[in-house]
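Enquirer: sequence plus predicted model, see below.
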Amino acid sequence: MSLTERDLKVIWHPYTQMKTALPPVPIVRGEGACLYDENGKRYIDAVSSWWVNIHGHAHPYIAKKVAEQLNKLEHVIFAGFTHQPAIELAERLLAILPDNQQKAFYSDNGSTAVEVAIKMCLQYWHNQDIKRTKILAFNNAYHGDTFGAMAVSGRSAFTAAFDSMLFEVEFIDLPEASNIDALKSQISNLKSELACFIFEPLVQGASGMLMYEVEYLDQLMAHCHKEGVLLIADEVFTGFGRTGKSFACDHLQAQPDVMCFSKGLTGGTMALGLTTCTQYIYDAFLSEDRLKTLFHGHSYTANPVACSAGLASMDLFLELSTGKNIERIVNRHQQFALRIKDHPRVRTTRQTGTILALEWETGTDTSYFSSLRDRLYQYFLDAGIILRPLGNIIYILPPYCITDDELSYIYSKIESALEEL
Ligand SMILES: *Cc1c(COP(=O)(O)O)cnc(C)c1O
């Protein structure tokens, strides 16, 4: 039996239309920006394996560091115990985050990093006997698949089966020149109820790489702070260079109170989540009263092997060549966007740093639209490129080590898709 046949017997895949989806592609090995299937066919990973990979697959340096750690200590309970990799990763990360970030709380993925952030903010007020219990979020937001993370995400097809069970959240539109004043008064009207505002800074990934401007986010954040509302920057996707700077918050003047990280944190090697916060949030839990504890901990919290992958990834991230690669991708994306922006099939292109999205013009033909996503996906897969369009939106978001030739090949295949499909 082939791997695909065996898979179909036992595996339930995420985000997969079970009756109509193509069988999964068995991948046996990865190197640089490429993955290889069991027949040796090469695929360029243009989506960084669901946005996690930043230095390429099976990176020898990360592999070496992980192996060394595995031979020393694979895991230890993180309540009452600690270890070097967790401490060092927190120290090194806090050193490059906005100055006000002072404490690091580990979990195991992006959704849990968000759950922790929400709980920190709600309990921050609870511990002080102040009744602020509402959360503010953006329409179309995506913060993860667990219940709390779903609740602060926009209501959509992803959440439909659970909508009645999700706690109430105040949703606002992305800020722009035309609505910023209205948004501010909306926040002022709710201020005494609002515990926190959670947002994906500058780019809403899952909802279609929607981008918005630094200036208006800055204004919104400053206004929230003026009204005493805590700010959670969910940098699970935008962290570690994606937006052209180390973190999306590096583009901003205002500083968030809480930050969430996961995807790029270990370079895409292992699952790890991290929530950082300010000293005053931490201090609201610092007490002899047991009820003021943040009761949250996962079995694999701060797993030493995952932390050592994070440290190895950090070494690579801080190398001069990584910054140069990010700059190179930003420039190449810009040139490509210029080349295709006037194509009749391109409705619009948008770019923030290494993230380039293009919206496919679908006109009024809805049948064309409904099959478009699957046809695009298959077209690129046949060409040896992994691109996973979100509806009619194609986006490229490669590992930073992608070569110029690989980028050129992706661009040329997008151009031929524009002609052929
Ligand atoms: C992917 C994502 C999450 C969820 O992370 P998981 O590791 O998939 O649980 C949360 N927030 C944002 C902005 C994301 O893109």
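Expert: Arrived safely. Numbers count the residues shown, from 1 in each chain.

Enquirer: next, the buried residues of the helix or strand of the chain with the lowest mean pLDDT.
Expert: When each helix and strand of the chain is scored by mean pLDDT, DSSP states H and E, helix 366-382 comes last, with a mean of 86. Neighbour-count burial for helix 366-382, counted by 16 or more other C-beta atoms under 10 Å, picks out 372-373, 376-377, 379-381. Glycine gets a C-beta too; all of them are placed from N, C-alpha and C.

Enquirer: who are the packing partners of that helix?
Expert: Packing partners of helix 366-382 (3 or more C-beta pairs under 8 Å, 6 or more residues apart in numbering; DSSP states H and E): helix 404-420.

Enquirer: just want the angle from the helix it packs on to helix 366-382.
Expert: In terms of direction (axes from the mean of the first three to the mean of the last three C-alpha atoms, to 10 degrees), helix 404-420 departs from helix 366-382 by 150 degrees.

Enquirer: who in the stretch 201-350 of the chain is up against the ligand?
Expert: The interface of the stretch 201-350 of the chain toward the ligand, taken as C-beta under 6 Å from any ligand atom, is made up of 205-206, 234, 236-237, 262.

Enquirer: spatially nearest residue to Ala383 (excluding sequence neighbours)?
Expert: Lys413 (4.8 Å; C-beta to C-beta, 6 or more residues apart in numbering).

Enquirer: go on, Glu359?
Expert: Nearest-residue entry for Glu359: Arg347, 4.2 Å, with adjacent residues in sequence omitted and distances by C-beta to C-beta, 6+ apart.

Enquirer: just to be sure, that neighbour is in a strand?
Expert: Yes. Per DSSP: H, G, I helix; E, B strand; the rest coil, Arg347 lies within a strand segment.

Enquirer: so what's it up against?
Expert: 359-362, 392 (C-beta atoms under 8 Å, 6 or more residues apart in numbering).

Enquirer: then Gln128?
Expert: Shown in contact with Gln128 (C-beta under 8 Å, 6+ apart): Ala284.

Enquirer: could I get the full set of helices for this protein?
Expert: With DSSP state H, the ranges of helices along the chain come out as 3-10, 48-51, 60-72, 84-96, 110-126, 147-151, 180-190, 214-226, 279-283, 304-317, 320-340, 366-382, 404-420.

Enquirer: turn those helices into TSV, columns for distance to Phe162.
Expert: Output for the helices of the chain, formatted as TSV (distance: least, C-beta to C-beta, whole Å):
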stretch	distance to Phe162
helix 3-10	26
helix 48-51	22
helix 60-72	36
helix 84-96	33
helix 110-126	14
helix 147-151	6
helix 180-190	24
helix 214-226	27
helix 279-283	29
helix 304-317	29
helix 320-340	36
helix 366-382	24
helix 404-420	35
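
Enquirer: where among those helices is average confidence lowest?
Expert: Here the helices of the chain differ in mean pLDDT, and the lowest is helix 366-382 at a mean of 86.

Enquirer: name the residues that touch that one?
Expert: Applying C-beta under 8 Å, 6+ apart, the contact partners of helix 366-382 are 22, 25, 43, 46, 360, 362, 386-392, 394, 413, 417, 420-421.
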